[in-house]
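# Got a predicted model here, sequence first, then my questions.
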Amino acid sequence: MTEPQPLSRKAMAARAAADIPEGWYVNLGIGMPTMVADYVPLEREVVFHSENGILGVGPAPAKGQENPWLVNAGKQPITLRPGASICHHADSFLMIRGGHLDLCILGAFEVAMNGDLANWATSENDTAPGVGGAMDLAAGAKRIWVLMEHTTKDGRPKLVRSCGYPLTAPRVVKRVYTNLAVLDVAGEGFVVREILDGLSFESLQARTDAPLSRAPDLRTLAAH
Amino acid sequence: MTEPQPLSRKAMAARAAADIPEGWYVNLGIGMPTMVADYVPLEREVVFHSENGILGVGPAPAKGQENPWLVNAGKQPITLRPGASICHHADSFLMIRGGHLDLCILGAFEVAMNGDLANWATSENDTAPGVGGAMDLAAGAKRIWVLMEHTTKDGRPKLVRSCGYPLTAPRVVKRVYTNLAVLDVAGEGFVVREILDGLSFESLQARTDAPLSRAPDLRTLAAH
Amino acid sequence: MINKIVDSYAAAVADIRDGAVVAVGGFGEVGMPTELLHALIEQGAKDLTVIANNAGVGHTGLAALMEAGRIRKIICSFPRSGGSVVFEKMYAAGKLELELVPQGTLAERLRAAGAGIPAFYTPTGVGTKLAHGKEVREIDGKEYVLERALPADVALIRVWQADRWGNATFMLSGRNFAHPMAMAARQTIAMAHGITELGTLDPDHVHLPGIFVHRVVALDAPDRRSHYP
Amino acid sequence: MINKIVDSYAAAVADIRDGAVVAVGGFGEVGMPTELLHALIEQGAKDLTVIANNAGVGHTGLAALMEAGRIRKIICSFPRSGGSVVFEKMYAAGKLELELVPQGTLAERLRAAGAGIPAFYTPTGVGTKLAHGKEVREIDGKEYVLERALPADVALIRVWQADRWGNATFMLSGRNFAHPMAMAARQTIAMAHGITELGTLDPDHVHLPGIFVHRVVALDAPDRRSHYP
């Protein structure tokens, strides 16, 4: 039996985007999480926050329309949407650390079944890792979702019993969107809410270090 | 020998005003200290701060020209001078508490010879004293000067060995301007820098609880 | 569509509960959300803890709420001022609990609550009776008192302009405590002198970003009641 | 007359001393005071501790100062990014000390220094190796790490407009760290894209009050040197 094609990065971003309700204040981590915004239609008003003092990030500018004074946390050019506002870094992180963001979507190296997050350094001896705002976001936002591939490029599980990499924050992740499944952190394992069409539960478990269980209403993961 | 006339409140304010150099950021306490601003000419640029988020307080408005949105810490109508700015209360007290003000001039019930300041409550049993910003100013400004009558209305000394009233802050007062003298806090007493014309040093000491000493260049206190 | 604008004062304050901690903006009368306070009297919530710089003047606004017997405790820096007649009578009669806080400590405790800082050290109050019972610690040779964050359930504030996302500006010294209070509160209710279209406020000059504002009512909403009773 | 405007970059940075702690505004390249950093290279101060979010890109600005061997230690949140070639080489060679600080903790420690707060508790970093050696305390059932204020001797910032009192505005995301750094520094030196007459900035819309700014130089001062060497 051939394995089904995992979700593309775009499809993963779209899947996470589908779960963000209107009115939420949301920070998107650098990399794949930033793509999530592309799949939230402008008419569903979600207010995107960027660590460098921006509330109300809009779509990327057209080529040649970039404003050099307007970048996001990944230093990419952005636009503002109507209703946007600017603040300084201390106020911007006050929003993060004070629990004012409804959601932060981050990438990760590993997520443990108790919600531990490792996404800033790949080993204790990494020569000069950058932490950026990862620890602030992980500790401060009301909800942390992780968006990442289900395994590393060489096939090692990223959903683990216990993180091997240095922690960003303990017990903070609520949900994980991978290219194979949508899973909730459940303390003693992960609860699978959605699984890739055609992928067996056993195959998913084989690619996951932590024990998995089925949600009562386990559904098929489809691109949105 | 008849005693000389003590300085009027206006003359006291003018005397303190004369010592404020251009460029200082200065907060003036409610009451007599607020009058000090009237004696700093506008061309000597001193930036007056008010606790309620104002930097660059100008002269009182002409009658009928009051702006209801513009009051000082004493809730009196004020004007802004060119170069003024507004901030919120947390930032305003950041200026105070972070040591950004060069000077704060406060009134007092008592000043002790070690610099202890008592200016917010007249007894431990006061039913509902208000502290306002007094403790923040006393603990935060770079320099604290006190502007007050030399004695209470019934003649008791206000420059004391040790404060009887509840403290606003310990060891903060640097200088005291009274209606009889200008004195520096000296730890074991006060050093008299200026004394009212015609008042004997012994008379001044008689009205002062703490021991006084003469400054090497002791001068006559004159209205400015 | 995000729309934080409600069409009446009654709707604005509808779900403030008995026992709530309510932060009330304003310094003296400037920036005082008088109409929201009158709506709160109508609404009926009681046993409130109020955080405010002053304890009300005359018989309107905060003083009216107090006189109606709805306030159990007030946390403020300067309760007595010209005209604080209701406070003085009720405090003397033992009908009101008072927590006196230095004004800057009050502002900073509010901001700390907004910033996720549970406690911080400050020199203000060291060596005074307002530090009694609090932890004092020497850091780099100087003494500091440990102050706790002061979160609120609700903040009632007066703003100048606001849009449907809750972005707001202030007018001059009307800004005062509104900003740190909005940061500190789980729910901030703003009465606005003007409602403006989304996108008309300059992003560089929004004073209070909408993330801190949860409900907006226009000053001239139909049930405006500026004098009480 | 108060006049904080100086007529050259050289005058602006003239008295920065060896061993100074220098906070450098900017997030990536936006708001980076590149010209002030080049003037600082010319000026010659060495053995500096630099506080900045990033550790420089390419071979200009902060990277040029680093490459010139003037920086002993850098305190930052994200040293490595696309183009941080100088940092990587010098750090690997042991020529640079690094204190890694979470970005929000960095901003808050700067603000704390400006606010007279010597230390505060924060949840950021709890349970991670960045909390090693720091006091951890349980407050109301949750763990927090004690972080210290981060004062600077000098802040170098880029502003949009400034007047002779030092009042300044920022342009969009150029604001970032400049504000808390100006609060934290004993001396803040601002390079301004425009110098404006006193009184032309709206008091309600001054971003950085002049009390936090000690010296201003116009972007196009005669000794401007935007590329180095």
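Structure's in. What do you need?

# Let me see the ranges of the helices in chain C.
C:9-12, C:34-43, C:62-67, C:85-92, C:103-115, C:178-184 (DSSP state H).

# Export these to TSV and append columns for distance to chain B, mean pLDDT and mean neighbour count.
Placement of C-beta: from N, CA and C, glycine included. As requested, the helices of chain C are exported to TSV (distance: least, CB to the nearest CB, whole Å; pLDDT from 0 to 100; neighbours: other CB atoms under 10 Å in any protein chain shown):
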stretch	distance to chain B	mean pLDDT	mean neighbour count
helix C:9-12	21	98	22
helix C:34-43	13	97	23
helix C:62-67	13	97	24
helix C:85-92	5	94	18
helix C:103-115	3	98	29
helix C:178-184	4	98	30
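
# how about the ones you listed, which one is nearest C:His132?
Closest to C:His132 of those is helix C:103-115 (CB to CB; 14.1 Å).

# Any residue of the closest one touching chain D?
Yes: residues of helix C:103-115 are located near chain D by CB under 8 Å from any CB of the partner chain, namely C:Glu108, C:Ala112, C:Ala115.

# low-confidence ranges in the chain?
Picking chain A for this. Applying pLDDT under 70 to chain A flags the ranges A:1, A:124-128, A:223-224.

# not quite, I wanted chain C
Residues of chain C that meet the cut-off, pLDDT under 70, sit at C:229.

# which residue lies farthest from the center of chain C?
Distance from the centre of chain C peaks at C:Gly141, with 35.5 Å (CA atoms, centre = their mean).

# and residue 27, bridged to which residues?
Assuming you mean chain A. A:His49, A:Cys104 (DSSP bridges).

# Chain C is the one I meant
According to DSSP bridges, beta-bridge pairing links C:Phe27 with C:Val30.

# For A:Leu199, which non-adjacent residue is spatially closest?
A:Pro4 (5.5 Å; CB to CB, 6 or more residues apart in numbering or on different chains).

# list the contacts for the one you found?
A:Leu196, A:Asp197, A:Gly198, A:Leu199 (CB atoms under 8 Å, 6 or more residues apart in numbering or on different chains).

# From those, keep the buried residues only.
For the contacts of A:Pro4, a burial check counting by 16 or more other CB atoms under 10 Å in any protein chain shown picks out A:Leu196, A:Leu199.

# And for residue 206, the neighbour number?
Picked chain A for this. Neighbour count for A:Ala206, taken as other CB atoms under 10 Å in any protein chain shown: 9.

# switch to chain C, that's the one I care about
24.

# Isn't it up against C:Asn167?
Yes: C:Val206 lies in contact with C:Asn167 (CB atoms under 8 Å); the separation is 4.7 Å.

# Check the contact lists of those two and give me the overlap.
Once CB under 8 Å, 6+ apart is applied, the residues that C:Val206 and C:Asn167 both contact turn out to be A:Ser85.

# Can you report how many residues lie near the residue nearest to C:Leu146 when sequence neighbours are not counted?
Computed as CB to CB, 6+ apart, the closest residue to C:Leu146 that is not its neighbour in sequence is C:Glu135, at 4.1 Å. Using other CB under 10 Å, C:Glu135 is surrounded by 12 other residues.

# Got phi/psi on C:Glu135?
Per-residue torsions, C:Glu135: phi -70, psi 130 (degrees, to the nearest 10).

# State whether it and C:Glu143 are indeed in contact, as I suppose.
No: assessed by CB under 8 Å, C:Glu135 is found out of contact with C:Glu143, at 10.8 Å.

# ok now do the residue of chain C found nearest chain D, which residues does it touch?
Residue nearest to chain D within chain C (CB to the nearest CB): C:Phe120, separated by 4.0 Å. By CB under 8 Å, 6+ apart, the residues touching C:Phe120 are C:Glu108, C:Ala112, C:Leu146, C:Glu147, D:Ala112, D:Ile117, D:Ala119, D:Phe120, D:Tyr121.

# quick one, what contacts A:Asp166?
Let me fix one detail, which is that residue A:166 is Pro and not Asp. So A:Pro166 contacts A:Ala118, A:Trp120, A:Ala121, A:Ser123, A:Glu124, D:Thr128, D:Lys129 (CB under 8 Å, 6+ apart).

# Max pairwise distance over the residues you listed: which two?
Longest span within those, CB to CB: A:Ser123 and D:Thr128, 14.1 Å.

# Of the two, give the one with the bigger neighbour count.
The residue with more neighbours, out of A:Ser123 and D:Thr128, is D:Thr128; 24 against 11, by other CB under 10 Å.
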